[in-house]
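Novice: below are the sequence and a predicted model for it; my questions follow.
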Amino acid sequence: MIQITLPDGAVREYEGGVSAMDVAKSISEGLARKVLAATINGEVWDAGRPIHENASLQLLTWNDLSGKATFWHSSAHLMAEAIESMFPGVKFWVGPALETGFYYDIDLGDHQIGEDDLRRLEIKMAELAKQSNAFVRKEISKADAIQYFGDKGDQYKLDLLGGLQDGGITLYTQGNFTDLCRGPHIPNTGFIKGIKLTNIAGAYWKGDEKNKMLTRIYGVSFPSSKELDEYLVLLEEAKKRDHRKLGKELELFAFSEKVGMGLPLWLPKGAMLRERLQQFLQKAQLESGYLPVITPHIGHKNLYVTSGHYEKYGKDSFQPIKTPQEGEEFFLKPMNCPHHCEIYKTSPRSYKDLPLRLAEFGTVYRYEQHGELHGLTRVRGFTQDDAHLFCMPGQVKDEFKKVIDLVLYVFNSLSFTDYTAQISLRDKTDRSKYIGSDENWNLAENAIIEAAAEKGLKTVVEYGEAAFYGPKLDFMVRDAIGRKWQLGTIQVDYNLPERFDLNYIGEDNAKHRPVMIHRAPFGSMERFIAVLIEHCAGKFPLWLAPTQVKLLPISDKFLPYAEIVSTQLKNADIRVEIDDRNEKIGKKIRDTELAKIPFMLVLGEKEMNEGKVAIRRQGKGDIGVTPIAEFIDLINEEVKSKKSFE
RNA sequence: GCCGUUGUGGCUCAGUGGUAGAGCACUUCCUUGGUAAGGAAGAGGUCGUGAGUUCAAUUCUCAUCAACGGCUCCA
């Protein structure tokens, strides 16, 4: 008999060779029907694999991340089986589970595959799934495995085998398909009910562009068709929220081939929104002791030679701007830091001047690769809500805490309530690639960890993710439909103060090196607005809405009254427009609703005679008639409270 | 940069080897209408760009540009 310890601490006795599935059945049949895999002593196993020793066991279902991953991995195998049956002779590379769904990389040989094939594959997969073929695990020696795949002429699996140790090599078979696979897998294909193959893409073998391009097919699957439908609804929702689509519809920004790819043009409404955001942060920064600065968009070559950017980016980025002066070269600035370092150097600094916080909404240009460009989230010219904090090593922690406060203030004001922070530290073993003294690094790394802890941030620590010039803290937010985005960042920098030979006079009357902290709560205006658009589906909170109120006169007769209302609202700093088209009120309301303008004021005979306005809230309908002054109060209050969209 | 898909009036999209169509938007006229689309008329496109095949190309071929999906998740 062996002892199996369950997650709640209960210990049960079973015959040796019992499987997790047997254990599940002994608890309840209903549970057993849901079991996809199990964690045995911390390792994920097939539910049917015999257990021969005492073990702790956790049953995994669709509700567990590892359960889902196993499910998708098995789905990838199912897809491979379907592909092999439809396109005999194709060769498979790897087919892992993703955060959502799975893919398989395939060498199709002479076959071509298109969208229609995906639909056919889905049908084939469903058919194979219905057979409820078991996933059978088989241990095999390396030599036998090499023999097996050698006979098949499968150079990809042979390549994988080359990197594996003998012993513990396993094959998995379901139906007519056998694959080299570590597993684990779900009990049988019958669990897979809702299947959707989402797209086809090219992917280099081993991710190296010198290698052959394989065909990658992405898919996602679920234990019921209901869950698949829910997922498809979510995809639809994400599509509706796409900032590129909404940006066009709401006339926020545009791109022009003539201007150049990745160079956004901000339209009046988008510029309005962006300026609101900028003013909001500027005000908060002013209150937190930041000093605004402004620097030019280009800088002399020497600036970037000093900063090191010339060496790092020179060749792979925008090329120098030449002048009539022989040999003179300027570069578009890829970042604001070098300019700010020069500002620091404009006068001798005392420890009493520190921390010195220089802030600028600085536009920078980076030559991103063609394929990297994406809407507003990846562009070639963008504006960072940048600031550089020059401080003494001992002040790092305090400054970090203040920046965290600022970032959280920004997030809360925009109703990003679900966020985590990633702390990126040095590689634990190899420290040769980092610049700066060990002492300072330790100080800064601890400062970040402590600051984050004291501010109660949910954090993940990643070793080896720090930049060569210093540790950092990045904020990830989840938007309204659960997608993750990386926004604000705070980075310590030991490199630039060194390169620019920055210093301050300490209490001891000697020169010291300041620490520099880069920080950007938004990340960039472009990226932040993209995320904001998707987060709120284009329904901006009132304080940000480009147009806050639309006046809808019932007919031309009430245009003069609309003008009067408009003037009063404008005097109260409310952004208002009049719909003076010769259209019926129903039409005007429809168009304004679709433009996602928060408030509509319907103006007709009654309102005019009484000096009132009939308020309609976007998405909510008619909310009553009030005097103009009361409406202004209502707006001001909502703007002041920075209430979020609903 | 690489692979795949796409490229038709401002927008969304149909269509054809014989020099193009719809809806919305726009202009004008009628209508002056109370909470999600009133009616009529009109204007607007060298079908991304360049070359080739053809009597003839927006349609076929090639090149080029741009957008989109991928190229990170490693049996």
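Specialist: It's in.

Novice: what separation do you get for the residue of the stretch 251-400 of chain A found nearest RNA strand B and A:Ser524?
Specialist: Proximity of the stretch 251-400 of chain A to RNA strand B (C-beta to the nearest atom of the strand) peaks at A:Gly371, 1.9 Å away. From N, CA and C alone the C-beta is placed, and that goes for glycine too. Distance of A:Gly371 to A:Ser524, computed by C-beta to C-beta, to the nearest Å: 19 Å.

Novice: neighbour count for these two, which is higher?
Specialist: The neighbour comparison of A:Gly371 against A:Ser524 (other C-beta atoms under 10 Å) goes to A:Ser524, with 22 against 7.

Novice: residues in contact with that one?
Specialist: A:Phe382, A:Thr383, A:Gln384, A:Asp385 (C-beta atoms under 8 Å, 6 or more residues apart in numbering).

Novice: quick one: those as CSV, columns for distance to A:Gly89, neighbour count and pLDDT too.
Specialist: Output for those, formatted as CSV (distance: C-beta to C-beta, whole Å; neighbours: other C-beta atoms under 10 Å; pLDDT from 0 to 100):
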residue, distance to A:Gly89, neighbour count, pLDDT
A:Phe382, 48, 22, 93
A:Thr383, 53, 21, 94
A:Gln384, 52, 22, 94
A:Asp385, 55, 23, 94
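
Novice: including distance to RNA strand B, could those go into TSV?
Specialist: Listed next are these as TSV, based on distance: C-beta to the nearest atom of the strand, whole Å:
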residue	distance to RNA strand B
A:Phe382	14
A:Thr383	18
A:Gln384	21
A:Asp385	23
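
Novice: before we move on, the earlier item: the residue of the stretch 251-400 of chain A closest to RNA strand B belongs to a strand?
Specialist: No - under DSSP: H, G, I helix; E, B strand; the rest coil, A:Gly371 sits outside any strand and is assigned helix.

Novice: how is chain A divided into domains?
Specialist: For chain A, automatic domain parsing gives the domain ranges A:2-61, A:66-238, A:254-296+A:349-536, A:549-641.

Novice: out of these, which is closest to A:Lys245?
Specialist: domain A:254-296+A:349-536 (9.3 Å; C-beta to C-beta).

Novice: hmm, back to that, may I see the contacts of A:Ser524 organised as JSON lines, with secondary structure added?
Specialist: Formatted as JSON lines, the contacts of A:Ser524 follow (three-state DSSP):
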{"residue": "A:Phe382", "secondary structure": "strand"}
{"residue": "A:Thr383", "secondary structure": "strand"}
{"residue": "A:Gln384", "secondary structure": "strand"}
{"residue": "A:Asp385", "secondary structure": "strand"}
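
Novice: between these, which sits nearest A:Lys322?
Specialist: A:Phe382 (24.6 Å).

Novice: quick one, what contacts that closest one?
Specialist: A:Pro264, A:Thr363, A:Val364, A:Ser524, A:Met525, A:Glu526, A:Arg527.

Novice: in the stretch 101-250 of chain A, which spans are strands?
Specialist: A:102-107, A:136-139, A:170-174, A:177-180, A:194-204, A:213-222 (DSSP state E, counting those that start in this stretch).

Novice: between those strands, which has the poorest mean confidence score?
Specialist: When these are compared by mean pLDDT, strand A:194-204 comes last with a mean of 82.

Novice: helix/strand/coil for the most centrally placed residue in chain A?
Specialist: For chain A, A:Trp485 is the residue whose C-alpha lies nearest the centre (C-alpha atoms, centre = their mean; 2.3 Å). Following three-state DSSP, we place A:Trp485 in the strand state.

Novice: then A:Ile589?
Specialist: helix.

Novice: pull out the buried residues from stretch A:109-122.
Specialist: A:Ile113, A:Asp117, A:Leu118, A:Leu121, A:Glu122 (16 or more other C-beta atoms under 10 Å).

Novice: surely the third one touches A:Ala201?
Specialist: Spelled out, it's A:Leu118. No - in this structure A:Leu118 lies outside contact range of A:Ala201 using C-beta atoms under 8 Å: 12.0 Å.

Novice: what is A:Phe102 paired to in the beta sheet?
Specialist: A:Ala97, A:Gly219 (DSSP bridges).

Novice: mind putting the strands of the stretch 101-250 of chain A into CSV with distance to A:Ile554 and mean neighbour count?
Specialist: Below are the strands of the stretch 101-250 of chain A laid out as CSV (distance: least, C-beta to C-beta, whole Å; neighbours: other C-beta atoms under 10 Å):
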stretch, distance to A:Ile554, mean neighbour count
strand A:102-107, 57, 23
strand A:136-139, 74, 14
strand A:170-174, 68, 19
strand A:177-180, 69, 21
strand A:194-204, 48, 16
strand A:213-222, 50, 21
